[in-house]
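>>> Got a sequence here, can you model it:
(2 chains)
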Amino acid sequence: MSERHDHDPLEPLLARLARQDGAGPPPRVTTAAVLRQVRRHHAPRREARLPRWIALPSPRVLGAGFAMLLVATPLAIAGWPMGASGPDTAVLALAMGDPFGDAGLNSLLNFAGISR
Amino acid sequence: MRPVHPVPPAPLPGEADLPDGELLARIAERDEGALALLITRHGHGIRALARRYLNDAHHAEDLVQEVFLRVWTTAHSYDPDRGPGRPWLYRIATNLCTDTWRRQRLRRFFGLTPEMPEPEDEAPDALRSLAGRQELDRLKPQIAALPERQRMALMLSVAGGLANEEIAGAMGTSPGAVEQLLVRARRRLRAKLGITPEDGRKG
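From the prediction side, this is the model:
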């Protein structure tokens, strides 16, 4: 399957386009630039030297944990029950945006002294 | 890694005639002069290919740099028994072009990139005649609208100046399939531009 292009007006058009695309100054790429980039690629990354525990959880999870500690610790000290229906669960459910889910509601009612 | 000179050494007399495969073997041994020679030899062709394939002059410059970066880091994997160096080099370029094109298409789909910018015109004055520009302006969007593989085969042939066997090596297909891609691409362009081979015979 072959076509002769001797008289095809498309060919000179394509050749002109190729000349236009190839014209202009030499590509900006230089050996020095390539080698600089190679050095950057192979340089040890700053993050790679940090211990794994530096990768912290998201601010939302951190906030929920902190709020839970802040509220639940004094209550626990005061003798309130902790666990699945305790105030710690209520605070956690609130922080996670689901205060009226099963766990959240149970613990809120429990907190208010109402048995569900 | 060998220490890197701020200015790569100029090629020695006679090195300019070395085949691409030999240059790649030297690059694998960290010869910066060989890399400089390869860039001089193929930089323009790869830029022209990328520029027309991506329809974006700025991305084309970045792509040329990325191609030679990969050449420097992967030259050791070049096997001269499996073919000459030029198709191997252009295979890196075609893979990068395809990846970049697909990323650009995705970005355009999500509206993260404006419509394809027209490459700036750096043609010599002789090519800037109004009629000539109009013809090329009609041709460019039609090339951009060709199916990916047809466009790639055509650009490797026209911009890279590769023979069908070399295009086959660069695209990882057979010379017969390349011939078909080229025939289809040209036929489609002629149909879109409303030209027939007879038009040329009349002139």
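>>> contacts and neighbour counts: CA atoms only from here.
Noted.
>>> any idea which helix is longest in chain B?
The residue-count maximum for a helix in chain B (DSSP state H) belongs to helix B:85-109.
>>> quick check, that one touching chain A?
No: residues of helix B:85-109 are not located near chain A by C-alpha under 8 Å from any C-alpha of the partner chain, the shortest gap being 14.2 Å.
>>> Likewise for stretch B:64-83?
Yes: judged by C-alpha under 8 Å from any C-alpha, stretch B:64-83 comes into contact with chain A at B:V64, B:Q65, B:E66, B:F68, B:L69, B:T73.
>>> Report the two of these separated the most.
For these, the farthest-apart pair by C-alpha to C-alpha is B:V64 and B:T73; their separation is 14.4 Å.
>>> So which of these two has more stuff around it?
Ranked by neighbour count (other C-alpha atoms under 10 Å in any protein chain shown), B:V64 and B:T73 place B:V64 first, with 30 against 14.
>>> Got the confidence number for the more buried one?
pLDDT for B:V64: 90.
>>> which ones are touching B:T73?
A:V38, B:A28 (C-alpha atoms under 8 Å, 6 or more residues apart in numbering or on different chains).
>>> following the longest helix of chain B, which helix or strand comes up?
Downstream of helix B:85-109, the first helix or strand assigned by DSSP states H and E is helix B:130-144.
>>> Is chain A within reach of that following helix?
Yes: legend: contact between helix B:130-144 and chain A by C-alpha under 8 Å from any C-alpha is shown at B:E135, B:L136.
>>> Which helix runs longest in chain A?
helix A:59-78.
>>> Report all helices and strands that it contacts.
helix A:87-95 (3 or more C-alpha pairs under 8 Å, 6 or more residues apart in numbering or on different chains; DSSP states H and E).
>>> can you list contacts of stretch B:150-170?
A:14-15, A:18-19, A:21-22, B:45-46, B:48-49, B:52-53, B:86-92, B:94, B:143-144, B:171, B:174-175, B:177-179, B:181-182, B:184-185.
>>> what is the mean pLDDT for it?
92.
>>> Work out which residue lies at the spatial centre of chain B.
In chain B, the residue lying closest to the centroid (C-alpha atoms, centre = their mean) is B:L49, at 2.8 Å.
>>> Would the host helix or strand of that residue count as contacting chain A?
Per DSSP H and E: B:L49 is located in helix B:32-54. Yes: using C-alpha under 8 Å from any C-alpha, helix B:32-54 reaches chain A at B:E32, B:L35, B:A36, B:I39, B:G43, B:H44, B:G45, B:R47, B:A48, B:R51, B:R52.
>>> I'd like to know which of the residues you listed is nearest to A:T31.
For the residues of helix B:32-54 next to chain A, the nearest to A:T31 is B:A36 (5.4 Å; C-alpha to C-alpha).
>>> neighbours of the closest one, just the number please.
23.
>>> With A:I77 instead?
Other residues close to A:I77 by other C-alpha under 10 Å number 9.
>>> any idea how far B:P147 lies from chain A?
Distance, B:P147 to chain A, by C-alpha to the nearest C-alpha, to the nearest Å: 17 Å.
>>> got it, and B:A28?
Distance from B:A28 to chain A, by C-alpha to the nearest C-alpha: 13 Å.
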